[in-house]
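1. need a 3D model of the following:
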Amino acid sequence: MELIHQLVEAYAGRFTSPEDGLLAEINTHTLQNHPHAHMLSGHVQGRFLSFISNILRPRYVLEIGTFTGYSALCLAEGLAADGELHTLELREEDAATSRANFSRSDKNKQIHLHLGDAREIIPTLDNAWDLVFIDADKVSYIDYYELIVPRLSDRGIILADNVLFHGEVLNEPLTGKNAKAIQAFNEHVMNDLRTEQVLLTIRDGVLLIKKK
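-> Sure, this is the predicted structure:
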């Protein structure tokens, strides 16, 4: 299902601040060479991530799902001078690509890439998170959320990607494990008395969450 008309996406891109040269290269290379290029955040969503990061000026950022490093570099743009971004990736090949991309950024020393299962890694990171981006396997979103909420700083924000899951959450009945998992996640957050949220129709849907 096409949620946003291609002309609207192009128009949004036209009136969104441009990505820098490194991000543009990663964008193009991923689209041309990665078999799952649709997973890339891309220009407009990337500028949104950067925008939020620059508003918050976070000291500690957590990203679950590095892919080729594009979104991490966007999130890193607003880091405090002594800030750290920890990004978690399960696939070795994508981690290697991201590491090479990070090495070309002036934020490289502030970015820490962890390879492995996020559910095992998150409990080992002793930080109060100011900004979290969830963009990994959909069936584990609730697990990630429950690990993160207790560790959010008082001003912390969670951004959960793909919460429309290609429009499949609109189908009745729901089919497919990922669509069902995302629907369950959206309902889980909606019913959580600890937090409040806004679902934004950027790209494939972003759920913006903060503690009450």
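2. okay, the helix or strand of the chain with the lowest mean pLDDT in CSV with CA atoms only?
-> Here the helix or strand of the chain ranked lowest by mean pLDDT, DSSP states H and E is helix 6-14, holding a mean of 93. Backbone C-alpha positions of helix 6-14 (Å, rounded to 0.1, in the frame of the first residue of the first chain) are rendered in CSV as follows:
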residue,chain,number,x,y,z
GLN,A,6,5.4,9.9,-4.6
LEU,A,7,4.7,13.5,-5.6
VAL,A,8,4.0,14.4,-2.0
GLU,A,9,7.3,12.7,-0.9
ALA,A,10,9.2,14.5,-3.6
TYR,A,11,7.6,17.8,-2.6
ALA,A,12,8.4,17.2,1.1
GLY,A,13,12.0,16.5,0.1
ARG,A,14,12.2,19.7,-2.0
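3. tell me which residues of it come out buried.
-> For helix 6-14, the neighbour count (16 or more other Cβ atoms under 10 Å) marks 9, 12 as buried. (Each C-beta comes from the backbone N, C-alpha and C, glycine too.)
4. ok, residues contacting that helix?
-> Helix 6-14 is contacted from outside by 43, 44, using Cβ atoms under 8 Å, 6 or more residues apart in numbering.
5. hang on, residue 159 is in a strand, isn't it?
-> Yes: residue state for residue 159 (DSSP: H, G, I helix; E, B strand; the rest coil) corresponds to a strand.
6. just the strands in this protein please.
-> Assigned by DSSP state E, the strands in the chain fall at 60-64, 84-89, 111-115, 129-134, 152-161, 195-200, 206-211.
7. tell me the most buried of those?
-> Using mean count of other Cβ atoms under 10 Å, the stretch among the strands of the chain with the largest mean neighbour count is strand 60-64, at a mean of 27.
8. looking at the sheet around the nearest residue to residue 198 once chain neighbours are set aside, what are its partners?
-> Of all residues not flanking residue 198 in the chain, residue 208 sits nearest, at 4.8 Å (Cβ to Cβ, 6 or more residues apart in numbering). For residue 208, the beta-bridge partners are residue 159, residue 198 (DSSP bridges).
9. many thanks, I have nothing further to ask.
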